[in-house]
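S.K.: Kindly generate the corresponding structure for this input.
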Amino acid sequence: MARSLFELNPQVDRTAAARRFAHDRRVQVRDVLTQETAREIREILMRGTPWGVGWQAGLEAEPQHARAEQLQGASAQALGREIAEATHKSAAHGDYAFRYARYPMVQAYMEKWAEGSPHDLLIEYLNTPETLDLVRDVTGMADLKKADAQATLFAPGHFLGRHIDSHVEEGWKVAYVLNFAPDDWHPDWGGYLNFLDEDGDIVAGYRPRFNCLNMFAVPQAHLVSFVPPFAPTARFAITGWFRNQ
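M.R.: Numbering: from 1, shown residues only. Coordinates of the predicted model:
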């Protein structure tokens, strides 16, 4: 019998997680997958993903993406400098900005970039009744119908500025981060998912953890903190939204 790439941990305490979500509008579910499949997914992210880069410089600007093949050759360094300068400038002025490596799994699936790849299978697993039932049980949102996804890699110099994910008209209900960070991720290495109150104070922060599902209702102010130059490794994750349309 073929082994599944994505197996939920049957020991997850859904009742306790649902209580936390109901109280805080966010929850961290640790050891959400079996250890074997979580390790395999991390290996796919680390060694089998053609990473591009995503960025945005300013709230009024459009988010941008360059595929892995666009980051090759002599022009790659110039593009990297251009992205860094634009995002740093926007962030320095308090405007919205982000920069991180990404692989747009839904777009790749729809456009058949690598049909039948592990990334395509992961999209399908995220949309199985079993996965959606887990999310519905924890969030109490029975109308959730599907998940989208992107693979993300936060390496030194990467960050995601404060925002609220207000696309409710597109069916965004619950944002998620399925984390595959190294087990020994140190707090000094940044990459935290931080939640902010109206005064800009951090009211909760989730350290990157291996095999951990973070979920939170949107809109809700949050950011991913800057990964400093001395961080020796990267924060791997699958991120997106569970949606009702």
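S.K.: start to end distance for stretch 174-187?
M.R.: 26 Å (C-alpha to C-alpha, to the nearest Å).
S.K.: what does the longest helix seen in the chain contact?
M.R.: What stands out as the longest helix in the chain, according to DSSP state H, is helix 75-92. Contact with helix 75-92 is made by 53, 55-58, 61, 64, 66, 70-71, 96-99, 157, 159, 161, as judged by C-beta atoms under 8 Å, 6 or more residues apart in numbering. From N, CA and C alone the C-beta is placed, and that goes for glycine too.
S.K.: how far out from the middle of the chain is the helix or strand of the chain with the lowest mean pLDDT?
M.R.: In the chain, no helix or strand scores lower on mean pLDDT, DSSP states H and E than helix 75-92, which sits at a mean of 95. Chain-centre distance of helix 75-92: 22 Å, with C-alpha atoms, centre = their mean, to the nearest Å.
S.K.: got the buried residues for that helix?
M.R.: Of all the residues in helix 75-92, those buried under the rule 16 or more other C-beta atoms under 10 Å are 83, 86, 87, 90, 91.
S.K.: quick one: the second one and residue 110, what's the gap?
M.R.: What it means is residue 86. 28 Å (C-beta to C-beta, to the nearest Å).
S.K.: ok so residue 233 is a strand residue?
M.R.: No: Residue 233 is assigned coil when assessed by DSSP: H, G, I helix; E, B strand; the rest coil, not a strand.
S.K.: For it, grab the count of nearby residues.
M.R.: 16 (other C-beta atoms under 10 Å).
S.K.: Relative to residue 194, how far out is it?
M.R.: In terms of C-beta to C-beta, residue 233 sits 20 Å off from residue 194.
S.K.: do the same with residue 188
M.R.: For residue 188, the distance to residue 194 equals 15 Å [C-beta to C-beta].
S.K.: Who has more neighbours out of those two?
M.R.: The residue with more neighbours, out of residue 188 and residue 194, is residue 194; 16 against 8, by other C-beta under 10 Å.
S.K.: which residues pair with the residue most central in space within the chain across the strands?
M.R.: Closest to where the C-alpha atoms of the chain average out (C-alpha atoms, centre = their mean) is residue 239, at 2.6 Å. Under the criterion DSSP bridges, residue 239 forms beta bridges with residue 150, residue 177.
S.K.: And the pLDDT at it?
M.R.: Looking at residue 239, its pLDDT stands at 98.
S.K.: List the contacts of the closest residue in space to residue 163 that isn't next to it in sequence.
M.R.: Using C-beta to C-beta, 6 or more residues apart in numbering and skipping the chain neighbours, the partner closest in space to residue 163 is residue 96 (5.9 Å). Taking C-beta under 8 Å, 6+ apart, we find residue 96 in contact with 56, 58, 59, 90, 161, 162, 163.
S.K.: Out of the residues you listed, who's the most crowded?
M.R.: Going by other C-beta under 10 Å, residue 56 tops the contacts of residue 96 with 23 neighbours.
S.K.: what bridges to that residue?
M.R.: residue 98.
S.K.: pLDDT score for it?
M.R.: Looking at residue 56, the pLDDT reads 98.
S.K.: any low-confidence regions in the protein?
M.R.: 1-3, 167-169 (pLDDT under 70).
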